[in-house]
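Trainee: would you be able to build a 3D model of this:
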Amino acid sequence: MEYFDKLKAKLETLDEKQFYTYVFGALGLLLLIISFIVFYYYRSAHYYNRQLKDLNNMRSGQIRQILTKAGQIKKQKEKLDAMLAQDPEFKLTGYLETVLAKLNLSERKDISQSPRYIEIDDKYTENELEFTLNDINMKQLVEFLAAIESNRRVYTKKLEITKSKTTQSSLEVHITIATLFPKVT
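Mentor: Down below sits the predicted model:
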């Protein structure tokens, strides 16, 4: 309360010109502070609106990419279904035996495990076969891989090439091939 009394006494001692100078100075300072607050508010609002627009543009771009990929996946599934429908009786082990016999590699294969069946989703099952080719050269390996890949239904999942322990100039190849077929319900 004492502060206000001192202020009141000071204002009463001022002449009219000084009083208006202080009043207009205080009003000008108040106007400057309000202008700064309004400026900062609109600047912040503009900044956040810009960020929101950029985020929405980025999100819509990602949505377009997702929809494009979904369309591509749908087309690939349709192609896969058509390919699987062409030969419903396809057997991976029979195809492997045919390719090995054609390339005279039948005696060099060693199938260590029986075929595995892995459920991919509600619609497909993967038939996976793991085997080893012993004492083959690079030319035979390339011809074998080309023959395997010539059938669109069969794909190579794993390929490990090591130097043969028995023969100096040959290879030992551990291969996993697989195929898909419709899930039987």
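Trainee: beta partners of Asp110?
Mentor: Thr132 (DSSP bridges).
Trainee: can you count the residues close to it?
Mentor: A count of nearby residues for Asp110, using other C-beta atoms under 10 Å, gives 11. From N, CA and C alone the C-beta is placed, and that goes for glycine too.
Trainee: roughly how far apart are it and Leu133?
Mentor: Asp110 sits 8 Å away from Leu133, taking C-beta to C-beta, to the nearest Å as the criterion.
Trainee: before we move on, what about Leu14?
Mentor: Leu14 is 107 Å from Leu133, by C-beta to C-beta.
Trainee: neighbour count: the two, which is higher?
Mentor: Leu133 (20 against 12).
Trainee: got the contact list for that one?
Mentor: Taking C-beta atoms under 8 Å, 6 or more residues apart in numbering as the criterion, Leu133 is in contact with 105, 108-110, 140-141, 144, 171-173, 175.
Trainee: just give me the neighbour total for Leu67.
Mentor: Count around Leu67 with other C-beta under 10 Å applied: 10.
Trainee: so what pLDDT did it get?
Mentor: Here the pLDDT value assigned to Leu67 is 96.
Trainee: that one sits in which helix or strand?
Mentor: In this structure, Leu67 sits in helix 16-86 according to DSSP states H and E.
Trainee: so which elements touch that helix?
Mentor: With contacts taken as 3 or more C-beta pairs under 8 Å, 6 or more residues apart in numbering; DSSP states H and E, helix 16-86 sits against strand 171-182.
Trainee: just the angle between the strand it packs on and helix 16-86, please?
Mentor: 90 degrees (axes from the mean of the first three to the mean of the last three C-alpha atoms, to 10 degrees).
Trainee: and strand 171-182, what's buried?
Mentor: 171-181 (16 or more other C-beta atoms under 10 Å).
Trainee: point out the least confident member of these, please.
Mentor: Phe181 (85).
Trainee: so it bridges to which residues?
Mentor: Bridge pairing for Phe181 - DSSP bridges - gives Thr125.
Trainee: so it makes contact with Lys123?
Mentor: No: contact criterion C-beta atoms under 8 Å: Phe181 and Lys123 do not qualify, at 10.4 Å.
Trainee: domain-wise, how is this structure divided?
Mentor: Under the assignment automatic domain parsing, the domains of the chain span 1-86, 92-182.
Trainee: the most centrally placed residue in the chain and Lys74, how far apart?
Mentor: In the chain, the residue lying closest to the centroid (C-alpha atoms, centre = their mean) is Ile66, at 10.3 Å. Counting by C-beta to C-beta, the separation of Ile66 from Lys74 is 12 Å.
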